[in-house]
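A.B. asks: model the structure of this input:
(chains A and B)
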Number of protein chains: 2
Amino acid sequence: MKELIGAAIIGQSGGPSSVINASAYGAIKAGLESKQITRVLGALHGIRGVLDDDLIDMGKEDPEELALMKYTPSSALGSCRYKLADPDKDDSDYRRILEIFKKYDVRYFFYNGGNDSMDTCNKISRYMESVGYECCVMGVPKTIDNDLFGTDHCPGFGSAAKYIATSCMEISKDSRVYDNGMITIVEIMGRHAGWLAASAGLASYFGSGPDLIYLPETDFDMDQFFADIERIYQEKGNVLVAVSEGIHYADGSFVSEAKTSATDGFGHAQLGGLASLLANLVKAKTGVKVRGIELSLLQRCAAHIASETDISEAYAAGRKAVEEAVQGTSGYMVAFHRVMDNGKYRCELTLVPLASTANYEKKIPLAWINDEHNGVKQELIDYVLPLIQGEPEIPMEHSLPRYARLKKVLA
Amino acid sequence: MKELIGAAIIGQSGGPSSVINASAYGAIKAGLESKQITRVLGALHGIRGVLDDDLIDMGKEDPEELALMKYTPSSALGSCRYKLADPDKDDSDYRRILEIFKKYDVRYFFYNGGNDSMDTCNKISRYMESVGYECCVMGVPKTIDNDLFGTDHCPGFGSAAKYIATSCMEISKDSRVYDNGMITIVEIMGRHAGWLAASAGLASYFGSGPDLIYLPETDFDMDQFFADIERIYQEKGNVLVAVSEGIHYADGSFVSEAKTSATDGFGHAQLGGLASLLANLVKAKTGVKVRGIELSLLQRCAAHIASETDISEAYAAGRKAVEEAVQGTSGYMVAFHRVMDNGKYRCELTLVPLASTANYEKKIPLAWINDEHNGVKQELIDYVLPLIQGEPEIPMEHSLPRYARLKKVLA
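C.D. replies: Numbering: from 1, shown residues only, chains lettered A, B, ... in the order given. Model prediction:
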């Protein structure tokens, strides 16, 4: 087999995570080490950086600074939410990408992201094939939502789950401290899949956490929600609830988007998100002090409490994409296969065709959610627990994280 | 001097912190070791536990479990917000406290909390003196707000400041990642003093953090706020703002309490707090994507990222209260005195009369805030930095914090 020699481009896309840079670093480092890859270019703001010829030379970065990417949250190369057109309808973006690939003699393209990014990756792969431009295109998965199809789990999820479980444990300690009762509602990311909110269950399982968890995998019933809360409140005198932002009624409408409602008495667009909306409803219903907490951006970028397992798997996924590509593989996403050896977790890297992963969403099996639809079962705990293991040695300066500072020298 | 022999009560009050239990543990451990203290009792839910005869025997706890208190956030003994009456007007609570003190032969009383708790402590001290009941009463400071008078800083502040600085650094990484602009507004605790919000400045100083910081020490001007944001947005394409929950207009009214406003167009009580309110105003004004984030409870209970300096000072303060009390000292709060030896920080323990600390609030010196009133100066950074130093070795189990589980055996 003829060895393909040329430059590589790596881009990041979609929402950031605590370990997306660990994946990028894995790919960049393997690329810089490869004899077949002449130059490693970083696309600024994902595919936009390719379209705009906004590429940086990763070889010009200080290697020690580059190595800090492994522990630096958010997308160091910048992200975008740009969606490529269907090439059969409008191929202007693809012709531009091809032009840039030719300009820099790009023969390797690595794209690091979630569902939409795998779709982008797949479209580019198919286009290059259709025009006969030799180029290996590989996807490196990333999403805290853990909803990518074809992989046991996704880089970014383990760290987010660890942040959520730890934070919910701490919030539980805090919110149960007074003698007069309190109800606390924590809103957790996850529009269509409840993996993140379900991870709050680890806090309950291993110490102190939510009494109730509501997920988008089942239909939400406001009356049942009130009844659940009142029952726990009578029992304990305080209640901690975790809700996924994507909870929805049986008709499919999001609870968070309820613009008017007979029960809330406000009749206008809510400003403060789901936690705030539910807190106001529960306060009106119970008269008890209620606090709504939105974990917000921190759940996807709190690298200070990342999972070492997640970091090293993310790094390995980036390396694997390059190692496979230089052997001629193209059109695949790196995926994780879980192996349990006598109860001990191990993660094997595999490949899945990009076409099969793009635009599907993997949800929590219903069998892992309790019958009351307000909590998770042991199976869910067993699934998440290995993914949050290990504390990374995060480089610190003045007792604050020392994150990578890239020079970003234009190519 | 005759040695005072008898039982000790320790109680916790006010809002929890990451290190209030380190202080309690310092006092409990010193109490259990002291020959003059016959029994160490914990008051459940602060002074309410005394009034309700709800006391637990700390000597019956497993010593290893007790030692975990040093790393466990929130008030392990429970808290309350109960305010004692002025003893000159209504002494019924005090007579009840005296009755309980006599019942258990309590000769030492330690109260762990903020402004209000020092007031409670002072009133009890004065009452016991007035009725001639021999008892040493000592205050152990605690407040993340850092607003206690008579001490260089307060246990709890350093850990909260570290959480805030780290989180703002991570949010800064996350919120600047897209090519299309975004404005992010982070709401930080602090009703009257801006120490916590000002600590977000550490993130900017040592990496990446807020572009603008607004504090309650100066008057807030909405037009200037809009102008500041627009200026930064033109410069950088994205803006990160930190605001103290206590920012107020020149007339003293809180920005967060603006029920109606000509500029917001809503004309009703805001539901989502200050961050949400400001986010909506800025969005309406600029048309840019704006996100409001409230750090909420986590800033006071995120013990997983506590400052080791804070933990050991908090512990030392608890011990000091007992060591002083058994030597006959009463009516004082333990305080911190900062010593800088050739630029190296050291903290000395001192005592201040309870009467002088109760109900005063220490604010940031205006000279530490920039002339534009939208940021902090080097002096503030130099003040906070030593207080966040050091990473504690937090006991972990399954890669989640292993917090103390007390048996709470009633006395």
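
A.B. asks: pLDDT weak spots in the stretch 201-350 of chain A?
C.D. replies: A:258-272 (pLDDT under 70).

A.B. asks: can you pull out the helices in it?
C.D. replies: For the stretch 201-350 of chain A, helices defined by DSSP state H, counting those that start in this stretch occupy the ranges A:201-205, A:222-236, A:273-286, A:298-301, A:308-325.

A.B. asks: and the last one, how far out from the chain middle?
C.D. replies: This means helix A:308-325. 15 Å (CA atoms, centre = their mean, to the nearest Å).

A.B. asks: counting by contacts, list what it packs against.
C.D. replies: helix A:20-33, strand A:106-113, strand A:136-141, helix A:157-175, strand A:332-341, strand A:344-353 (3 or more CB pairs under 8 Å, 6 or more residues apart in numbering or on different chains; DSSP states H and E). Every C-beta, even on glycine, is put in place using the N, C-alpha and C of the backbone.

A.B. asks: repeat that with 10 Å
C.D. replies: strand A:6-12, helix A:20-33, strand A:37-43, strand A:106-113, strand A:136-141, helix A:157-175, strand A:332-341, strand A:344-353 (3 or more CB pairs under 10 Å, 6 or more residues apart in numbering or on different chains; DSSP states H and E).

A.B. asks: got it, and the shortest one?
C.D. replies: Packing contacts for helix A:298-301, counted by 3+ CB pairs under 10 Å, 6+ apart, involve helix A:157-175, helix A:195-199, helix B:157-175.

A.B. asks: one more time with 6 Å, if that's ok
C.D. replies: With contacts taken as 3 or more CB pairs under 6 Å, 6 or more residues apart in numbering or on different chains; DSSP states H and E, helix A:298-301 sits against helix A:157-175, helix B:157-175.

A.B. asks: give me the angle between the first one and helix A:20-33.
C.D. replies: Pointing back at helix A:157-175 there. Calculated by axes from the mean of the first three to the mean of the last three CA atoms, to 10 degrees, helix A:157-175 forms an angle of 150 degrees with helix A:20-33.

A.B. asks: average pLDDT for helix A:157-175?
C.D. replies: Per-region confidence: helix A:157-175 scores 97 on mean pLDDT.

A.B. asks: and the helix or strand that it is followed by, anywhere near chain B?
C.D. replies: Past helix A:157-175, further along toward the C-terminus, the next helix or strand under DSSP states H and E is strand A:182-188. No. On the criterion CB under 6 Å from any CB of the partner chain, strand A:182-188 is out of touch with chain B, staying 7.7 Å away.

A.B. asks: alpha carbons of strand A:182-188, as PDB, please.
C.D. replies: Listed next in PDB are the C-alpha coordinates belonging to strand A:182-188 (Å, rounded to 0.1, in the frame of the first residue of the first chain):
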ATOM      1  CA  MET A 182     -35.900  23.700  52.100                       C
ATOM      2  CA  ILE A 183     -36.500  22.300  48.600                       C
ATOM      3  CA  THR A 184     -33.600  22.600  46.200                       C
ATOM      4  CA  ILE A 185     -33.900  22.000  42.400                       C
ATOM      5  CA  VAL A 186     -30.800  21.500  40.400                       C
ATOM      6  CA  GLU A 187     -31.000  21.800  36.600                       C
ATOM      7  CA  ILE A 188     -28.500  19.700  34.600                       C
END
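
A.B. asks: among the helices and strands packed on helix A:308-325, which is nearest chain B?
C.D. replies: helix A:157-175 (3.8 Å; CB to the nearest CB).

A.B. asks: how far off strand A:136-141 does the closest one point, in degrees?
C.D. replies: Going by the same axes, to 10 degrees, helix A:157-175 makes 20 degrees with strand A:136-141.

A.B. asks: and helix A:157-175, what does it pack onto?
C.D. replies: Under the contact rule (3+ CB pairs under 6 Å, 6+ apart), helix A:157-175 is packed against strand A:182-188, helix A:195-199, helix A:201-205, helix A:298-301, helix A:308-325, helix B:298-301.
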